[in-house]
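[1] Need the 3D shape of this:
(chains A and B)
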Protein chains: 2
Amino acid sequence: MSKVVKFYELGNAEVLKIEEESIRLPQTEEVRIQVKAVPLNRADIMFRNGWYEVQPEFPSRIGFEAVGIVDAIGTNVSRFQVGDRVSVLANPTNGTCGEIAYIPERLIIPAPEGLSDEAATAVWLPYISVYGPLIEYSNLQAGQTVVITAASSSVGFPAIQVVKERGGYAIATTRTTAKKQALLDAGADYVIVTEEEDVKQRILDLTNGRGADIIFDAIAGEQLEQLAQATKPGGHIYIYGLLDTRSSMVSVSIWALIGRGLRVQGFHAKEIIGDREKLARAEAYIRNGFQRGVFEAVIDRTFKLDEIVEAHRYMEAGEQKGKIVVTI
Amino acid sequence: MSKVVKFYELGNAEVLKIEEESIRLPQTEEVRIQVKAVPLNRADIMFRNGWYEVQPEFPSRIGFEAVGIVDAIGTNVSRFQVGDRVSVLANPTNGTCGEIAYIPERLIIPAPEGLSDEAATAVWLPYISVYGPLIEYSNLQAGQTVVITAASSSVGFPAIQVVKERGGYAIATTRTTAKKQALLDAGADYVIVTEEEDVKQRILDLTNGRGADIIFDAIAGEQLEQLAQATKPGGHIYIYGLLDTRSSMVSVSIWALIGRGLRVQGFHAKEIIGDREKLARAEAYIRNGFQRGVFEAVIDRTFKLDEIVEAHRYMEAGEQKGKIVVTI
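    Predicted coordinates for the structure are as follows:
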C-alpha cells in the first residue's frame, strides 16, 4: 500500500485527503516513482479550485512535479532504469503528491545533481518559466533591464538569478517592505514596494526615462497598464501567471500597445516542456547554472505529506519567500 | 500664394478650412513640394478629433502623406533636387494637404514608378503597415493562414495581396455582405461576414481546428477575444488600428493568452519609417511587388482639395473600398 493525496470535489485546502491505495505495475511507457519530495506550485491551488485550464477527473490526485527514485518501469521505457534519481516535469494529470507516482517517461528527466531532494524540486518549473521568456524568446542581453513582479515567488528568485547571470539589471516588485531585504539579498538591483512607490515612475527613473526592456509579470492585474507605460518602445511583456484573480482579462491601453509597439505574450511552461529541442536547451542552460553555482534554489519551508492541507493553506496565505516543499 | 487646409480647433469635418498663405523658402534639411495628391488615412480623422498620439498645434495643417514634385530644397538636402517626383512618408506634424508642403528630407522617398499620382498615394503607409507585421516581424510563410479584419480598408486590400504574394491563405472579415464580393475579387480565399457568421468557429473550421497563424487586426474591439480563441498556439496577433473607439483598452482573456501562448503586438508604421534598415527592406519589397504587378493600388474615390470636408465625411461614413484620395 502507499499513501497518496486525493480529492473528490473542487474547493479549499480541506478537500485534500490522505488515502492508502495498493501499488500497481507501471503501464507501457510509464515509470513508477518512489517520491521523495513534491514542490507546491501556484498551479496546484488553481487545479484544486477548478481554475486551471485542465479540470480534475474525480477522484483526482494532485501535484505537478516531484523528485524521486525509479521503482519500476513499464514496457517501452528506454531512458531510465530502477534506482535512477529523477525529476517529474510539470503536468496536471498524473498527480505526484504521494509516496508513489506513475508518470509517462516523456515527462521525466534526470534529477539535478548535487542538490538535496528538497532543493531539486525548486529547479525545473521555476527555471523553465524564466528560461522560456527571457532566454529562449527574448535572448536577454547584458545591460538590459527586466522588471520582475511578485518577485518573492518561487519563480521570482530564479528570475533575479537569470537576469544577473546574463548581466542584466533586475528590478523586483513586491507589495510591502516585508520581503524587500530578501529580494536585495537575492541579487535584485532595485526593489519597488508597490504599496508605497509609483511603479511606472520608478521604472522610468531607474532607466533614465527609457523604460524597461522586458516585463516578467506573474500578476496580470490592474498594474499592467502602469508597467506597459514603463516599457521601452518595442519592449516585451510576458504574462506567465494570474495572481490577480479579480479579472480574467489581460488589458493594456491601445495607446501603450500601438504607441510603443509593445509585444504582450502569454507564457506557459508547456511551450518548453512539450518541445524536445527547446526543453533540451532549457535543461542545458539550467543544469549549467547550477553546476557553476550561479543559480541557487530558494526553499521557504518544508511540510510532511500528512500536512498537505496546512501546506496548501500556507501557500495561499502568500507569505512565503521561495519554494514550499512537501517531503515524503 | 498657395491653398492649404488648416484647422483651429478639434472637431468634426467642418473644422477644416481652405486658406491662402504665402509661399516661403524651405528651411535647412527641408524640401518644398508641389503637392499632386494626398491620401486620406484613418489617422487624419483621429488627428482632427484629438485622438491621435500627437496633438495638433493650432493653427494646424493636416495630411500625413502626399505625392508631388520637388519645388525647392533647403540647405543640406542631398538626396533630392527640384523636379523629382517624390512620396512623403506618413507623419502627423508636417501637414501635406494643400498645394504646397514643407517636409524634412528624411521623410521623403522617390515616388513609386509607373503609377498615377492617385495610385502612388495608396502605396506607402498601407503596404508598410502590412509589411511590418507580416514580413518583417512574422516572416510569413507559404501555407500560413492570416485573418485580416476590416479587410475593405486601404490597408486590408494590400494585406490580402501580401498574403497571396507569400503563398498564404487570406481570411478577410467584413461586417456585412456589401463588400464581400469585392474582397473575393481582390484575392481573399474566404470572407467572413461578421454580422452573419460565428467568427471564431468559422476560422477554426477553415483551419481544420488548428487556428490561424496570424491575426492582422484593425479594430481592437470586442471581437478580439473570439479571434484570440481562433489563433493557433504560439500564434501572433497584430493590432495596428482601433476602428472600435468604444474602449481604449485592448483585452484578451488570460486563458487564451497563456493557454495558447499568444503574442499580442501593437504596430505603428513609425517602427518601420523611423528605422533606416527596416525602411530600406520595406521599400525594396513593396517596389518589387508593384514592378512585378502582384500588388495593385485600390482607389475608391477621389476628391478635389476644395472638397476636403466632404472627403473626411465620406471616410467617416466607412463605405469605401480602398483608398480615398484628394487630388490637387
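
[2] After the longest helix that chain A contains, which helix or strand is next?
    Criterion DSSP state H: the longest helix present in chain A is helix A:276-291. Using DSSP states H and E, the helix or strand that directly follows helix A:276-291 along the chain is strand A:299-304.

[3] right, and the helix or strand after that following strand?
    Next element after strand A:299-304 (DSSP H and E): helix A:308-317.

[4] Counting by contacts, list what that next one packs against.
    In terms of contacts (3 or more CB pairs under 8 Å, 6 or more residues apart in numbering or on different chains; DSSP states H and E), helix A:308-317 is packed against helix A:42-49, strand A:299-304, strand A:323-327. From N, CA and C alone the C-beta is placed, and that goes for glycine too.

[5] Give me the neighbour count for the closest residue to chain B within the stretch 1-150 of chain A.
    Nearest residue of the stretch 1-150 of chain A to chain B, counting by CB to the nearest CB: residue A:53, 5.0 Å away. Residue A:53 is flanked by 15 other residues according to other CB atoms under 10 Å in any protein chain shown.

[6] now do the one 4 residues further on
    Here the count is done by other CB under 10 Å, and residue A:57 has 8 residues near it.

[7] Can you tell me the element the residue most central in space within chain A falls in?
    Centroid-nearest residue in chain A, with CA atoms, centre = their mean: residue A:126, separated by 3.5 Å. Assigned by DSSP H and E, residue A:126 belongs to helix A:124-130.

[8] Mind listing what's buried along that helix?
    Neighbour-count burial for helix A:124-130 flags A:124, A:125, A:126, A:127, A:128, A:129, A:130 (criterion: 16 or more other CB atoms under 10 Å in any protein chain shown).

[9] Once you drop chain neighbours, what's closest to residue A:73?
    Spatial nearest neighbour of residue A:73, chain neighbours left out: residue A:31 (5.5 Å); criterion: CB to CB, 6 or more residues apart in numbering or on different chains.

[10] what separates the residue nearest to residue A:296 when sequence neighbours are not counted from residue A:293, distance-wise?
    Counting by CB to CB, 6+ apart, residue A:296 lies nearest to residue A:161, which is 6.9 Å off, once chain neighbours are set aside. Relative to residue A:293, residue A:161 is positioned 11 Å away (CB to CB, to the nearest Å).

[11] Please identify which of these two sits among more neighbours.
    Taking other CB under 10 Å, residue A:161 and residue A:293 do not tie; residue A:161 has more neighbours (22 against 8).

[12] dump the residue contacts of the residue of the stretch 1-150 of chain A closest to chain B.
    B:255, B:259 (CB atoms under 8 Å, 6 or more residues apart in numbering or on different chains).

[13] With residue A:201 instead?
    Contacts of residue A:201 (CB under 8 Å, 6+ apart): residue A:230.

[14] Quick check: which ranges of chain A have low pLDDT?
    A:243-246 (pLDDT under 70).

[15] just the helices in it please.
    A:42-49, A:117-120, A:124-130, A:156-165, A:180-185, A:199-206, A:224-229, A:254-259, A:270-273, A:276-291, A:308-317.

[16] What lies in contact with the third one?
    Contacts made with helix A:124-130 from outside it, assessed by CB under 8 Å, 6+ apart, are listed as A:39, A:41, A:64-65, A:87, A:89-90, A:109, A:154-155, A:157-159, A:162, A:216, A:240, A:267, A:269, A:272-273, A:279, A:282, A:286, A:289, A:295, A:323.

[17] go with 7 Å
    For helix A:124-130, the external contacting residues (CB atoms under 7 Å, 6 or more residues apart in numbering or on different chains) are A:41, A:64-65, A:87, A:89-90, A:154-155, A:158-159, A:162, A:240, A:269, A:272-273, A:282, A:286, A:295.

[18] restrict these to those near chain B?
    Contacts with chain B are made by residue A:240 out of the contacts of helix A:124-130, judged by CB under 7 Å from any CB of the partner chain.

[19] coming back round to it: most tightly surrounded among the helices of chain A?
    Neighbour counts (mean count of other CB atoms under 10 Å in any protein chain shown) averaged over each of the helices of chain A peak at helix A:124-130, with a mean of 28.

[20] Dump the C-alpha coordinates for that helix into PDB.
    Coordinates of each C-alpha in helix A:124-130 appear next as PDB, following Å, rounded to 0.1, in the frame of the first residue of the first chain:
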ATOM      1  CA  TRP A 124      12.600  22.800 -13.200                       C
ATOM      2  CA  LEU A 125       9.200  24.600 -13.400                       C
ATOM      3  CA  PRO A 126      10.600  27.800 -11.900                       C
ATOM      4  CA  TYR A 127      13.700  28.000 -14.000                       C
ATOM      5  CA  ILE A 128      11.900  26.800 -17.200                       C
ATOM      6  CA  SER A 129       9.300  29.500 -16.600                       C
ATOM      7  CA  VAL A 130      12.100  32.100 -16.600                       C
END
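
[21] How far does that helix sit from its chain's centre?
    Helix A:124-130 has its C-alpha centroid displaced from the chain centroid by 5 Å (CA atoms, centre = their mean, to the nearest Å).

[22] Stretch A:85-96 now?
    13 Å.

[23] likewise stretch A:181-188?
    For stretch A:181-188, the distance to the chain centre is 19 Å (CA atoms, centre = their mean).

[24] Run through who's touching it.
    Residues contacting stretch A:181-188 (CB under 7 Å, 6+ apart): A:151, A:152, A:157, A:160, A:161, A:164, A:170, A:172, A:174, A:191, A:298, A:321.

[25] thought residue A:52 was touching residue A:44?
    No. Between residue A:52 and residue A:44 there is no contact under CB atoms under 7 Å: 8.8 Å.

[26] Around chain B, pick out the residues from chain A.
    Going by CB under 7 Å from any CB, the residues of chain A near chain B are A:53, A:220, A:239-240, A:242, A:248-255, A:257-268, A:271.

[27] Tell me how many other residues surround the residue nearest to residue A:247 when sequence neighbours are not counted.
    Closest residue in space to residue A:247, ignoring its immediate chain neighbours: residue A:221 at 7.5 Å, by CB to CB, 6+ apart. Counted by other CB under 10 Å, the residues lying close to residue A:221 total 19.

[28] got a list of what the residue nearest to residue A:296 touches?
    Residue A:161 sits in contact with A:187, A:294, A:295, A:296, where contact means CB under 7 Å, 6+ apart.
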